[in-house]
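Peer 1: using only what follows, build the 3D model:
(chains A and B)
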Amino acid sequence: MIGALTVLLAFQLVGEILVQMSGLPAPGPVIGMVLLLLTLYWRGALPDALRTVAETLLSHLSLLFIPAGVGIIQHGARLAEEWLAIIVALALSTLITVAVTALAMQAVIRRQPGSQRDG
Amino acid sequence: MDKIGGIWVYLTASPLLWLMLTLVVYLAGQWLFRRSGGRALFNPVALAIALLAALLLLTGTPYSTYFAGAQFIHFLLGPATVALAIPLYQHRNRVRQLLLPISVGLLAGSITAILSAIGLAWLLGGSSRTLLSLAPKSVTTPVAMGIAEKIGGLPSLTAVMVILTGVVGAVAAPALLGWLRIRDEAVQGLAIGVAAHGIGTARALQISSIAGAFAGLAIGLNALLTALLAPLIVQWLHLTPNGLP
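Peer 2: Residues are numbered from 1 along each chain as shown, chains lettered A, B, ... in the order given. From the prediction side, this is the model:
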């Protein structure tokens, strides 16, 4: 388990270093994810320990957002003043985005030659 | 009585108490979520945040004290993002098959997320700071905060918007997708991931491993794309922290 966690942290670290060196607009962990994916492709196998740790971490992904979310208490004044604009814009925009993404992707899948749906 | 007061003062200032309370509240939220038969109303993240925020306000504890403990959880966002490579690898064949639909959906969704957030908040009379803080709301927290800083928003406000966006997506997206008759789990996953990042992905993982993999893919790609697009769109709209020209 510690080995797998070290692998994840190592890829994050390399990602962060690459971002610092190249000035890429992408965040370090995302670059780390791409690098790990490429490495897995290249190796052609997924170690069991890595799969287990990743599954554990991802099944509790929502926990990891709580600390940042509690930061809401720092913005009481702004929220009191603009809560309607913020909540409505945020909620509607999120729903519109879900719909546009899904419909656009679905439309292209339907148009793909020989795409008999298999899911 | 004095002694108890002393212990309380000591505990509220120590990282241990807030770290543990974050975990306890999350576990309680999970329990309630399962007990309610997975009813969306009891979104565990929203519930946990509301409870903890109330507790901090009631005890007069500053956020910095809370975060000193909770940062250990926050830190795991990094390795968890890297770990998204694993479901992607496991579903690599499906991803390769759908490369074009993924690209089109992603591009359409990313632009829609930024423009609709700015546009709607502007229509409703939001200040420019708020507009700029809202622009990267569909991107995962650490990246969104970086983008907000770059375009003149308030990173800590953006973090809150990002979480709220995730909760809205996790709660409402499955029903919306059902209403739109989107049955392909790959499409469901990508749409939830583009709009509602990691919190949406946590929900998508409950739908299926395929939906989770595509949501995870969407987090990474949308983070890259929004980091590129948001500054361009903001510039194109001539939007600055001090207002529109």
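
Peer 1: could you report the neighbour count for residue 22?
Peer 2: Using chain A here. A:S22: 10 surrounding residues under other C-beta atoms under 10 Å in any protein chain shown. C-beta here means a position set from N, CA and C on the backbone, and glycine is covered the same way.

Peer 1: ah, no, chain B please
Peer 2: 24.

Peer 1: which helix is the longest one in the chain?
Peer 2: You didn't say which chain, so I picked chain A. helix A:76-111 (DSSP state H).

Peer 1: hm, I was asking about chain B
Peer 2: helix B:209-236.

Peer 1: buried ones in the lowest-mean-pLDDT helix or strand in chain B, by neighbour count?
Peer 2: Every helix and strand in chain B was compared by mean pLDDT, DSSP states H and E; the lowest is helix B:2-12, with a mean of 76. The neighbour-count check on helix B:2-12 (16 or more other C-beta atoms under 10 Å in any protein chain shown) flags B:T12 as buried.

Peer 1: just checking, next helix/strand downstream of it?
Peer 2: Using DSSP states H and E, the helix or strand that directly follows helix B:2-12 along the chain is helix B:15-35.

Peer 1: for the chain, which residues score under the pLDDT cut-off?
Peer 2: Picked chain A for this. A:25, A:114-119 (pLDDT under 70).

Peer 1: that's the wrong chain, I meant chain B
Peer 2: Applying pLDDT under 70 to chain B flags the ranges B:1, B:38-42, B:243-245.

Peer 1: what sits closest to A:P29 if chain neighbours are left out?
Peer 2: Closest residue to A:P29 apart from its sequence neighbours, by C-beta to C-beta, 6 or more residues apart in numbering or on different chains: B:T81 at 3.7 Å.

Peer 1: contacting residues for the one you found?
Peer 2: A:Q12, A:P27, A:P29, A:V30, A:G32, A:M33, B:T140, B:P142, B:G198, B:I219, B:G220 (C-beta atoms under 8 Å, 6 or more residues apart in numbering or on different chains).

Peer 1: can you put those residues in JSON lines and add distance to B:L27?
Peer 2: Output for these, formatted as JSON lines (distance: C-beta to C-beta, whole Å):
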{"residue": "A:Q12", "distance to B:L27": "26"}
{"residue": "A:P27", "distance to B:L27": "29"}
{"residue": "A:P29", "distance to B:L27": "25"}
{"residue": "A:V30", "distance to B:L27": "29"}
{"residue": "A:G32", "distance to B:L27": "29"}
{"residue": "A:M33", "distance to B:L27": "27"}
{"residue": "B:T140", "distance to B:L27": "23"}
{"residue": "B:P142", "distance to B:L27": "24"}
{"residue": "B:G198", "distance to B:L27": "19"}
{"residue": "B:I219", "distance to B:L27": "24"}
{"residue": "B:G220", "distance to B:L27": "28"}
